[in-house]
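K.L.:
coordinates for the following, if possible.
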Amino acid sequence: MENSQELLNSVRMARFVARGSLRLDAVVPAEMNAEGLAVLAAGVPPVPYGTPLSEAYAKGSFVRRLLELPQVAGALRSLVGPEPWVDHHFVHIREPHGGDAQGLHGDAIIDVRPDAFDVQLMYYPQAVTLEMGGTLSVPGSHLRRINESDTGRYQNLRGQDRLVCPAGTVVLLHHGIWHGGRRNDSDVRRYMFKIRFNPRVRQRRLWDTSDLHDPRVTAELDVMFPWYEGATGRLERYNRILLWRELTGDEAFDLDHWVTRVSNRPKETAE
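P.N.:
Modelled structure (predicted):
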């Protein structure tokens, strides 16, 4: 899996840290999408939990070629590093006019790592319209830990992202993001293929860091989302700072003195 890769830059990495997601629109060619629909309809055989990526999918297989696309391979390399484990994968199918909207939830209720994360890749082989439903996610929710279905009673949150995308779109999600599949109200069967990846290396400076000090990095990390509360919403920024410090190794990084002031424990005594 070490062929051509297009690594993320620091601005896009900071956007992922703030939003909990990265969207790659129409990165899969049309001929592969046509093949993908047939592959997903037939089903993708499972792989054992914790299989190294290079061993999970046969050379030349559709899934292997999907993951070897330069933008997909580069994004994965930037987020989880080389040769991650494949945790599991699943083909999600929504029949026309079938199914209820999935309750808003977070995955992996026992996963409370503040300094590392898994990535869930979601591939959409066909264009997804609003009528088809798609996947709903809540930007900036991934660092607010919840029990899986704690948010299930919420139907809509301000600023939520209800996916509408062109065919061949790949979305990469932090494992903690709040999300849910929507009801399919169209006449078309909807497909989505999901793979969860576990990193096997420390997630530190895995991306192209040549723009690490670009002012846009700080701007991305400082963004607020409409559903945030005035007070507790600040905790999202605080947790982002901690994650960015871990990802970059820069223990002095801060936004508006947030972490610096509360970690301030001088050791020197007054004269």
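K.L.:
this structure: helices as residue ranges?
P.N.:
Counting by DSSP state H, the chain has these helices, from start to end: 10-19, 30-42, 53-56, 62-67, 70-80, 215-221, 234-248, 258-262.
K.L.:
V112: which of those is closest?
P.N.:
helix 234-248 (11.7 Å; C-beta to C-beta). C-beta here means a position set from N, CA and C on the backbone, and glycine is covered the same way.
K.L.:
could you say what helices and strands that closest one packs with?
P.N.:
Using 3 or more C-beta pairs under 8 Å, 6 or more residues apart in numbering; DSSP states H and E as the contact test, the elements touching helix 234-248 are helix 10-19, helix 215-221, helix 258-262.
K.L.:
now render the ones you listed as a markdown table, adding mean pLDDT and distance to A252.
P.N.:
Formatted as a markdown table, those follow (pLDDT from 0 to 100; distance: least, C-beta to C-beta, whole Å):
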| stretch | mean pLDDT | distance to A252 |
| --- | --- | --- |
| helix 10-19 | 98 | 16 |
| helix 215-221 | 97 | 13 |
| helix 258-262 | 90 | 8 |
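K.L.:
quick one: which of those helices is nearest L121?
P.N.:
The nearest among the helices and strands packed on helix 234-248, by C-beta to C-beta, is helix 10-19 at 12.9 Å.
K.L.:
what's next to the closest one, contact-wise?
P.N.:
For helix 10-19, contacts defined as C-beta atoms under 8 Å, 6 or more residues apart in numbering pick out 8, 22, 78-79, 139-140, 172, 174, 207-212, 214, 216-218, 220-223, 240, 243-244, 247.
K.L.:
buried ones in that helix?
P.N.:
10, 12-19 (16 or more other C-beta atoms under 10 Å).
K.L.:
next, format those residues as TSV and append distance to I146.
P.N.:
Listed next are the buried residues of helix 10-19 as TSV, based on distance: C-beta to C-beta, whole Å:
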residue	distance to I146
S10	29
R12	26
M13	24
A14	24
R15	22
F16	20
V17	19
A18	18
R19	17
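K.L.:
ok, so of these, who is nearest P96?
P.N.:
For the buried residues of helix 10-19, the nearest to P96 is R19 (31.0 Å; C-beta to C-beta).
K.L.:
distance check, the closest one against I93.
P.N.:
27 Å (C-beta to C-beta, to the nearest Å).
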